[in-house]
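Student: Here you go, sequence then predicted model.
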Amino acid sequence: MDLAVTSLSPARLARANPEGDLRAFSDSVEALKTLCAGDLKDVNATILMALKSQSPMIAEIGGHLINAGGKRLRPLLTLSAARMFDCPDDRHIGLAAAVELIHGATLLHDDVVDDSALRRGASTANVLWGNKESVLVGDFLFSQAFELMVAAGDLNVLQILSRAAGVIAEGEVLQLATQKNLEATFEMYLAVVESKTAALFAAAAQAGAVIAGACSKQEDALRSFGRNLGIAYQLIDDALDYSGREKEIGKSVGDDFREGKMTLPVVYAFDRATPDARKFWRRTIADAIQVDGDFEEARELIVSTRALDDTIACAKRYAARALDDLAIAPQNSFTSALADLAISSAARIS
């Protein structure tokens, strides 16, 4: 199925899922997986090979994380970008596996830093095996990712992905600085999102384009697409945590609130809060004193100040930019699938 450039208009985004449809996003991911089915199978096999070690615990912890039902969004960006430009060999397979290993390593480290007990509905590795074990296996995944990156034999790609790994670590530190900080601004929040989420989305898409021989203009466009998609995706994730749609999204809501994270809905709500509401936010976020019913009140304040609506609108603006980025890429089924992914990602909530 070929795709006309005009079909990438942001008007598609405005028409998509006006009531918010999580299933449409799942369908978009599955469509991308179908397009990349053969490559994705090889990526999974490469990851399993990378988890082989003299230590059984590495395979256990790595396998627990990798097989926990993740969407494989980041490696799919690498695979689809490479196929979009007719990659002449199979080097994109190892790069996509490296991207997923980097992502897995950051999740292991994140769960330790955040003291998380659940991920994707299952107990986290740090709960099952311990913090030390999780950190060390995360380090192992990073090392395996770098081996795969080196094996691709492209210094440009190695630089792209290694830089992303460093930016993600920087994002963790930035998030610590904004956590429970009611003075956090939109710019501070965006810096965290760009580092923790968008950096790997951008690098994954760019690496696929580079290894396939895309020109510099197209390479930049794919990097920008990944960045804008990553920001839109994270903005909606942060909005969903206050959406009241726990049954639909299949996970508990309110975790960000309980952890004192200054996500955009809270940044907006606090900026627009009345004096009494500011006292509430200071107690629950800055002082971390929370009681039964606080999350429900927080959600009401976020809705009443239109903080949720404006977070969603911001996500849609970034998704529209992602569509614009795709306009100069080759127009084929992979481009179309990525466009649908951007649209449905920002339309998971109305």
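Tutor: Structure's in. What do you need?
Student: Please make it C-alpha for all contacts and neighbour counts, starting now.
Tutor: Noted.
Student: Please tell me how far the most centrally placed residue in the chain sits from residue 231.
Tutor: Taking C-alpha atoms, centre = their mean, the centroid of the chain lies closest to residue 197, which sits 4.6 Å from it. In this view, residue 197 and residue 231 are 7 Å apart by C-alpha to C-alpha, to the nearest Å.
Student: now swap in residue 317 and tell me
Tutor: From residue 317 to residue 231 the distance is 10 Å (C-alpha to C-alpha).
Student: Tell me which of the two has more neighbours.
Tutor: More crowded of residue 317 and residue 231, by other C-alpha atoms under 10 Å: residue 231, with 30 against 18.
Student: Need the phi and psi values for the more buried one.
Tutor: phi -70, psi -50 (degrees, to the nearest 10).
Student: what's the answer for residue 123, then?
Tutor: Reported as degrees, to the nearest 10, the phi and psi values for residue 123 are phi -60, psi 140.
Student: Around it, count how many other residues there are.
Tutor: For residue 123, using other C-alpha under 10 Å, the count is 15.
Student: Find the nearest non-adjacent residue to residue 290, please.
Tutor: residue 284 (5.2 Å; C-alpha to C-alpha, 6 or more residues apart in numbering).
Student: Was I right to think that neighbour contacts residue 295?
Tutor: No. With contact taken as C-alpha atoms under 8 Å, residue 284 and residue 295 are classed as non-touching, separated by 9.0 Å.
Student: Between those two, which has more neighbouring residues?
Tutor: More crowded of residue 284 and residue 295, by other C-alpha under 10 Å: residue 284, with 21 against 18.
Student: can you pull the contacts of that one?
Tutor: Neighbouring residues of residue 284 by C-alpha atoms under 8 Å, 6 or more residues apart in numbering: 260, 290, 294.
Student: what about it, distance to residue 199?
Tutor: Distance, residue 284 to residue 199, by C-alpha to C-alpha: 30 Å.
Student: for residue 159, same thing?
Tutor: Residue 159 sits 13 Å away from residue 199, going by C-alpha to C-alpha.
Student: The two: who's more crowded?
Tutor: Comparing residue 159 with residue 199 by neighbour count (other C-alpha under 10 Å), the higher total belongs to residue 199, at 26 against 15.
Student: what's near enough to touch the more buried one?
Tutor: Residues near residue 199 by C-alpha under 8 Å, 6+ apart: 164, 167, 168, 227, 230.
Student: can you tell me which of those residues are in strands?
Tutor: Counting by DSSP state E, those place none of their members in strands.
Student: which one among those residues gets closest to residue 308?
Tutor: Among those, residue 230 lies closest to residue 308 (C-alpha to C-alpha), at 18.4 Å.
Student: What distance do you get for the closest one to residue 318?
Tutor: Here the criterion is C-alpha to C-alpha. By it, residue 230 lies 9 Å from residue 318.
Student: Between the two, which has more neighbouring residues?
Tutor: Between residue 230 and residue 318, counted using other C-alpha under 10 Å, the more crowded position is residue 230 (28 against 22).
Student: what's around residue 34, how many residues?
Tutor: Counted with other C-alpha under 10 Å, the neighbours of residue 34 add up to 12.
Student: hang on, it in a helix?
Tutor: Yes. Assessed by DSSP: H, G, I helix; E, B strand; the rest coil, residue 34 belongs to a helix.
Student: Per-residue confidence, it, what does it come out as?
Tutor: We have a pLDDT of 96 for residue 34.
Student: residues contacting it?
Tutor: If you count contacts by C-alpha under 8 Å, 6+ apart, residue 34 has none.
Student: swap in residue 53?
Tutor: Taking C-alpha under 8 Å, 6+ apart, we find residue 53 in contact with residue 59.
Student: Tell me if it really is in a helix.
Tutor: No. Per three-state DSSP, residue 53 lies outside any helix segment and is coil.
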